[in-house]
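S.K.: have a look at this prediction, sequence included:
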Amino acid sequence: MQILTNSSLRQRNTFGIDVRARRLVDYDSVAELQDLIWQRQRQADASPLIHIGRGSNLVLMGDIEGTVLHSRISDIVVTADEGDNIYVRAGAGLAWDEWVAYCLDSGWYGHENLSGIPGEVGAAAVQNIGAYGVEAKDTILYVDAVDLHTAEVRHFCAAELDYGYRHSRLKGDLQGRYAVTHVHFRLSHSFRPCLHYGALADELRRRDIRDYDVTAAMLRQIIMELRADKLPDPARLGNAGSFFKNPVVPRETYDRIAATHPGAPHYDMPGDMVKIPAAWLIEQTGWKGRALGPAAVYERQALVIVNTGGATGADIAALMCRVRDDVEHHFGIRFEAEAQFVGLP
Ligand code: EPU
């Protein structure tokens, strides 16, 4: 365990926002986490307790006058191996992409399309990360967590967590209550690539690669290149990936937009609903590439907000509100942020 006091969180969030935590604790085991919670109980310590992962989806709004917890639990254990299925438990503190690489090196398939996503295994299960037609929930069977109030260990099955698009109960009604310690995945020994996602299928066509020629290593490489083309590297330009969720609206709403914007991009969803790319809506309002102080809408992907240097959480939030309100004014659609705001007074 490592405990730092009055520590900067600048290296702990991909926006690179420079706020401080009164106490920053990196713990290495479930027992250490439980000890910390029991200690708080004994000392009747009611100061804020915030759990972070690698900070790739966070907007830190101010100094944290309490404890910031971070898991370094990173063990990988095969729990069963039955026919084509391999069941593996991974520690919440593993970097997500190291986990994906480990799976591919081990011949465990299912995560190829989720290559290159920043963040950690625990946060992936909270957020239900997704890309190129695959979501974390497709392979998650169970999530182990510790109750931050009682230190009790909970074992959630995926169905209890109500997974949806960039959603789970762990960021909904259970937000702030549990720290994920391990995630149990079901992966496959056979490689069955998921290649239907538009941008991926287009890229394979462009490279003249047939579906049956695609290997897992090749797929990972292509996904990494597609991402690098659109998403800025947080080490060079602070950002949190997609800032908003893509809105899912009733078909009439889309038809109304298409009447004035023929050919507006969209994806049909179940229940006569339509998903409209938030990036497209933002681009129509003229925000793509524009800045407000030290925060800007990324010039290559309008769904990404970047820190051009020294932005605070308030700067990011100010730009977010302007973009969201303009889109609502133009199209009558109100965005929901995918990024999470932490440390609001
Ligand atoms: N588009 C624009 N302008 C832009 C960028 C995109 O009009 O500046 C339009 C285009 O029509 C494009 C469409 O938006 O075809 C979709 O763009 P893109 O393929 O880049 O995907 P996205 O919807 O912006 C989503 C996820 C990403 C994920 C990609 C690939 C959300 C909120 N975001 O982005 O996830 O990597 O698809 O699957 O669902 C993340 O969650 O942080 C993230 C990066």
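M.R.: Yep, that arrived. None of the values given here were measured: they were computed from a predicted structure. Numbers count the residues shown, from 1 in each chain.

S.K.: quick check: residues of the protein near the ligand?
M.R.: Contacts of the chain with the ligand, taken as Cβ under 6 Å from any ligand atom, map to 131-132, 199, 230-231, 241-242, 245-246, 265, 277, 279-280, 283, 288, 301-303, 338. C-beta coordinates here come from the backbone N, C-alpha and C atoms, glycine included.

S.K.: of those, which belong to strands?
M.R.: Among these, the members falling in strands are 131, 241-242 (criterion: DSSP state E).

S.K.: hmm, back to that, what about burial for the residues of the chain next to the ligand, which qualify?
M.R.: 131-132, 231, 241-242, 245-246, 277, 279-280, 283, 288, 301-303, 338 (16 or more other Cβ atoms under 10 Å).

S.K.: contacting residues for residue 269?
M.R.: Residue 269 sits next to 248, 275 when contact means Cβ atoms under 8 Å, 6 or more residues apart in numbering.

S.K.: and the residue of the chain closest to the ligand?
M.R.: Each residue of the chain has a distance to the ligand, by Cβ to the nearest ligand atom, and the smallest belongs to residue 241, at 2.6 Å.

S.K.: quick check, that residue in contact with residue 56.
M.R.: Yes - taking contact to mean Cβ atoms under 8 Å, the distance of 6.6 Å between residue 241 and residue 56 places them in contact.

S.K.: is it fair to say residue 105 lies in a helix?
M.R.: Yes - counting by DSSP: H, G, I helix; E, B strand; the rest coil, residue 105 is part of a helix.

S.K.: burial count for it?
M.R.: Residue 105: 10 surrounding residues under other Cβ atoms under 10 Å.

S.K.: cool, and residue 210?
M.R.: With neighbours defined by other Cβ under 10 Å, the count for residue 210 comes to 8.

S.K.: just the pLDDT for it.
M.R.: Model confidence at residue 210, expressed as pLDDT, equals 94.

S.K.: so it versus residue 174, what's the distance?
M.R.: With distances defined as Cβ to Cβ, to the nearest Å, the gap from residue 210 to residue 174 amounts to 44 Å.

S.K.: tell me the centre residue of this structure?
M.R.: Centroid-nearest residue in the chain: residue 129, 4.7 Å away (criterion: Cα atoms, centre = their mean).

S.K.: if I look at that residue, how far off is residue 114?
M.R.: Summarising the geometry, the distance separating residue 129 from residue 114, computed by Cβ to Cβ, is 6 Å.

S.K.: quick one, phi/psi of residue 289?
M.R.: With angles defined as degrees, to the nearest 10, residue 289 sits at phi 80, psi 0.

S.K.: which residue sits closest to it in space, ignoring its chain neighbours?
M.R.: residue 299 (3.9 Å; Cβ to Cβ, 6 or more residues apart in numbering).

S.K.: tell me the secondary structure at the one you found.
M.R.: With three-state DSSP as the basis, the three-state label of residue 299 is coil.

S.K.: ok, how many other residues are close to it?
M.R.: Residues near residue 299, counting by other Cβ under 10 Å, number 12.

S.K.: for residue 196, same thing?
M.R.: The burial count assigned to residue 196 is 10, neighbours taken as other Cβ under 10 Å.

S.K.: and for it, nearest residue in space, chain neighbours not counted?
M.R.: In this structure, residue 196 finds its nearest non-sequential neighbour in residue 133, 5.8 Å apart by Cβ to Cβ, 6+ apart.

S.K.: so who does that neighbour touch?
M.R.: Listed by Cβ under 8 Å, 6+ apart, the contact set of residue 133 reads 113, 194, 196-197, 200.

S.K.: and the longest helix along the chain, how far from the chain's centre?
M.R.: Of all the segments assigned as helix in the chain under DSSP state H, the longest by residue count is helix 313-331. Its chain's average C-alpha position is 20 Å from that of helix 313-331, according to Cα atoms, centre = their mean, to the nearest Å.

S.K.: which neighbours in the sheet does the helix or strand just after that helix have, and how are they oriented?
M.R.: Sequence order places strand 340-342 as the next helix or strand after helix 313-331, per DSSP states H and E. With DSSP bridges as the criterion, the sheet partners recorded for strand 340-342 are strand 58-60 (parallel).

S.K.: mean confidence for the partner strand?
M.R.: 97.

S.K.: quick one: end-to-end distance for stretch 102-120.
M.R.: Start to finish, the residues bounding stretch 102-120 are 14 Å apart (Cα to Cα, to the nearest Å).

S.K.: tell me which residues in it are buried?
M.R.: Counting neighbours by 16+ other Cβ under 10 Å, one finds that the buried residues in stretch 102-120 are 102-104, 108-120.

S.K.: quick check, residue 137 in contact with residue 163.
M.R.: Yes - taking contact to mean Cβ under 8 Å, the distance of 3.9 Å between residue 137 and residue 163 places them in contact.

S.K.: overlap in contacts, these two.
M.R.: The contact sets of residue 137 and residue 163 overlap at residue 128 (Cβ under 8 Å, 6+ apart).

S.K.: count the neighbours of residue 95 for me.
M.R.: A count of neighbours around residue 95, defined by other Cβ under 10 Å, yields 17.

S.K.: got the contact list for the residue nearest to it when sequence neighbours are not counted?
M.R.: When the adjacent residues along the chain are set aside, residue 95 lies closest to residue 120, with 5.9 Å between them (Cβ to Cβ, 6+ apart). Taking Cβ under 8 Å, 6+ apart, we find residue 120 in contact with 53-54, 71, 92-96.
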